[in-house]
Every structure is written in C-alpha cells, then in structure tokens.
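A.B. asks: Sequence plus predicted model, see below.
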Amino acid sequence: MKTKTDLEKLQGTWNIVTLEMEGQKYPPGGSQITIKGDRFISLNMGAEYEGTVSVDAGKTPRAFDLNFDKGPEKGNQSLGIYELDGDTWKICLGLTGKSRPTQFAALPGTGHALELLKRETAADRRAANRQAAIAKHAGPVAELEGEWFMISCKQDGQPMDPRFVSTARRVFEGATTTLFSGGRAMMKTRFAADPAKDPKTIDYLDLKQHGIYQVSGETLRTCLVTAGETRPGDFSSKPRDGRLVSEWSRQRR
C-alpha cells in the first residue's frame, strides 16, 4: 500500500482553533484553510485568499510555501513550517515578506503567526449550513450602526492584551461589521441580528460565531461562541468556557 505524502494528508478543510500573531492571541473567528490538489483557499478574519501550496516534508522542521495569486496578497509569498499529526495541523507562518520561522513561536516583532488547525468534521459542516440559512436574514440594525470603541474583552475568562483593547474599534455598516486594531482592519464579516429576541441575538456569519448582545445607552456588550455551540444566555465568562465577551462605547476612551 502506497504511503500518502503530507500534501495528500492535508487535502480537505481545516479550521483554525487557536491563533497568535507577534506575541498577541486573537480569536480565530471561523478562519479556515481548504487544500485541494496543490491549491489552497484561506478564509482568514473575513478576507479570502487563494493560491498554490508546496510542501517539503524532508526538511527539519517540515516546511511549506504559500504563493498567493488571488485576494489581498496576490503576487506575494508566505513561508512556513508545520507539524502534522492525524487531524491536527500546527503551523508557524511568516507574514508576506517575512523570513521563514525556525521555531513554533510568534514572538513580538518577528512578523510570524502561530496557528493550530483541526480537520473539519461533519458537525462543523452542519453548523456552517445553519449559518448559511441565517445569512438570508442579514441586514442593518439601527441600534448597532456606526463606530464603537472597545472598553474590555475577555476570552475564556481571561482578559485580552491591553494593547489590543486600547486600539480596537468596531464599525457596523449595513449588513457588515469590521474590527480594526492599531489602525488596520483585522476582521470583516456579514452579520445577522435579531433585536426582538430576549436576549438579543447576533451571528457573525463569515467568522462562524454566534451569541447575544445588549445596547444600553452608549454601551454595547456582546458574548460570542463558535457557531454550533450552545448560544450564551448571559454575558458571564470563565476559564475554558469558549466565550468571547466584550464591551464597547460610542465614545473614544
């Protein structure tokens, strides 16, 4: 029986479950990579990238190259290293124009991203189908429209990096919302919200997250989990609960 190459083992769709860039952790927000033949399509923080992938399993650590021919990074290349263990894929990737990492770490100033991916399951696909059905009701919500500045954010009960919180802002415009940090767009997604429910519900469609929200005067609170998990009923958060809880203000702090 012929032994599969690593490229053959990587065929299919992989969901990003943890993401760290330059020493700062980010919610993966539904990001994924699909590999078909020697081509890849990556949905990362609401943007879509496409190109060719090459793998060198003979190097230590194992290496791979991404050559972008469609999307925001068209014409650029990213160099990375990886470990592959069944349905778990660990990668450390140099952002375009950066050197290939030599270790699985994304330290500040390196321009490296560290990601852990899991192969997509049937349950993941069912959740995606539910999100597609919800997407039919996407549209603007008057009380959300406009710009919001982050006050606080917790993931799995742990406060997010203060540097991220101090520069993060979210803009709702029509049927889309964009998260900015440090002056650049980090995540963009369509959303669907139902202000008639109690608590009010919100779904970030392209990020595969759903949850609840509350607007009180000039303050917005959200509590999100990965689509497919039970929608939260309150805005609490504790270690390893999978919740992303954030608070925003209309006024810059």
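C.D. replies: Alright, I've got the coordinates.
A.B. asks: SS state for residue 197?
C.D. replies: What DSSP: H, G, I helix; E, B strand; the rest coil gives for residue 197 is coil.
A.B. asks: where does it land on pLDDT?
C.D. replies: Confidence at residue 197, expressed as pLDDT, is 92.
A.B. asks: cool, residue 176 as well?
C.D. replies: Value listed for residue 176 in the pLDDT field: 91.
A.B. asks: show me what contacts it?
C.D. replies: Residue 176 makes contacts with 188-191, as judged by Cβ atoms under 8 Å, 6 or more residues apart in numbering. Using the backbone N, CA and C atoms, a C-beta is placed for each residue, glycine as well.
A.B. asks: now those residues in a markdown table, with pLDDT, secondary structure and distance to residue 91?
C.D. replies: Below are these laid out as a markdown table (pLDDT from 0 to 100; DSSP: H, G, I helix; E, B strand; the rest coil; distance: Cβ to Cβ, whole Å):
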| residue | pLDDT | secondary structure | distance to residue 91 |
| --- | --- | --- | --- |
| 188 | 85 | strand | 23 |
| 189 | 86 | strand | 23 |
| 190 | 87 | strand | 27 |
| 191 | 91 | strand | 28 |
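A.B. asks: give me the low-pLDDT residue ranges for this structure?
C.D. replies: Scanning the chain with the threshold set as pLDDT under 70 gives 1, 29-30, 45-46, 128-138.
A.B. asks: Walk me through the domains of it.
C.D. replies: Per automatic domain parsing, the domain ranges recorded for the chain read 6-120, 130-249.
A.B. asks: need the strands for the stretch 101-250 of the chain, in chain order.
C.D. replies: Assigned by DSSP state E, counting those that start in this stretch, the strands in the stretch 101-250 of the chain fall at 112-119, 146-155, 158-159, 169-173, 176-181, 184-194, 200-204, 209-216, 219-226, 244-249.
A.B. asks: is it possible to export those strands to CSV including distance to residue 139?
C.D. replies: Compiled in CSV, the strands of the stretch 101-250 of the chain are given as follows (distance: least, Cβ to Cβ, whole Å):
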stretch, distance to residue 139
strand 112-119, 32
strand 146-155, 15
strand 158-159, 33
strand 169-173, 11
strand 176-181, 10
strand 184-194, 7
strand 200-204, 12
strand 209-216, 15
strand 219-226, 18
strand 244-249, 20
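A.B. asks: Show the residue spans covered by the helices in this protein.
C.D. replies: 6-9, 122-135, 162-167 (DSSP state H).
A.B. asks: Against residue 199, how distant is residue 223?
C.D. replies: Remark: distance between residue 223 and residue 199 (Cβ to Cβ, to the nearest Å) = 9 Å.
A.B. asks: Could you pull out the residues contacting both of those two?
C.D. replies: Common neighbours of residue 223 and residue 199 (criterion: Cβ under 8 Å, 6+ apart): 212-213, 234.
A.B. asks: Name only those of these that count as buried.
C.D. replies: Buried by 16 or more other Cβ atoms under 10 Å: 212-213, out of those.
A.B. asks: Closest one of the shared contacts of residue 223 and residue 199 to residue 168?
C.D. replies: In terms of Cβ to Cβ, no member of the shared contacts of residue 223 and residue 199 lies closer to residue 168 than residue 213, at 16.3 Å.
A.B. asks: Which positions are bridged to that closest one in the beta structure?
C.D. replies: residue 200, residue 222 (DSSP bridges).
A.B. asks: can I assume residue 248 is in contact with residue 147?
C.D. replies: No. Residue 248 is not in contact with residue 147 according to Cβ atoms under 8 Å; the separation is 9.3 Å.
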